[in-house]
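Student: Mind folding the following:
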Amino acid sequence: MVTAIVFVTADVARIPEAAGAIADLDGVTEVYSVTGEIDLVVMVRVRELDDVATVVTEHLDKVPGVLSTQTHVAFRTYSRHDLEAAFAIGF
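Tutor: Below is the predicted model of the structure:
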């Protein structure tokens, strides 16, 4: 499984519609509206690295209101949930 975090700059007047359309894309698991220099943070979870390119360049970039994207591919995931599960083995 490949996880990518995509930062989206959007037309401010179209953020709600763009976020909804992005959330409906296959491979997108979450969309967050955020403060700061970017408008949306999109979590993409797909089977292969090539699938990230498909989701971002063939679908997400074409959503009306999306002005630009920056894609970051995760190498590893560290979370409290993962650590608790690892230490709970056998209990």
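Student: Can you tell me the closest non-neighbouring residue to the most centrally placed residue in the chain?
Tutor: When Cα atoms, centre = their mean is applied to the chain, the residue found nearest the centroid is residue 43 (1.9 Å). Among residues not flanking residue 43 along the chain, residue 30 sits closest, at 4.3 Å (Cβ to Cβ, 6 or more residues apart in numbering). Every residue, glycine included, has its C-beta placed from N, CA and C.
Student: which residues touch the one you found?
Tutor: The contact partners of residue 30, by Cβ atoms under 8 Å, 6 or more residues apart in numbering, come to 23, 42-43.
Student: Go through these and flag which are in helices.
Tutor: Judged by DSSP state H, the contacts of residue 30 include residue 23 as members of helices.
Student: Residue 12 contacts residue 39, correct?
Tutor: Yes. At 7.2 Å, residue 12 and residue 39 qualify as touching, with contact defined as Cβ atoms under 8 Å.
Student: Tell me which of the two has more neighbours.
Tutor: Legend: neighbour count by other Cβ atoms under 10 Å for residue 12 and residue 39, higher for residue 39 (22 against 9).
Student: Excluding chain neighbours, give the residue nearest to the more buried one in space.
Tutor: Per Cβ to Cβ, 6+ apart, closest to residue 39 is residue 10, 4.4 Å.
Student: Number of residues surrounding the one you found?
Tutor: 23.
Student: and it, bridged to which residues?
Tutor: residue 66 (DSSP bridges).
Student: so how far is residue 36 from it?
Tutor: According to Cβ to Cβ, to the nearest Å, residue 10 and residue 36 sit 13 Å apart.
Student: How about residue 79?
Tutor: Computed with Cβ to Cβ, the distance linking residue 79 and residue 36 is 22 Å.
Student: all helices for this structure, in order.
Tutor: Along the chain, the stretches classed as helices by DSSP H are 15-23, 49-53, 80-87.
Student: weakest of the ones you listed by average pLDDT?
Tutor: Among these, helix 80-87 has the lowest mean pLDDT, at a mean of 60.
Student: quick revisit: in CSV: the contacts of residue 30, plus distance to residue 51.
Tutor: Formatted as CSV, the contacts of residue 30 follow (distance: Cβ to Cβ, whole Å):
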residue, distance to residue 51
23, 17
42, 14
43, 14
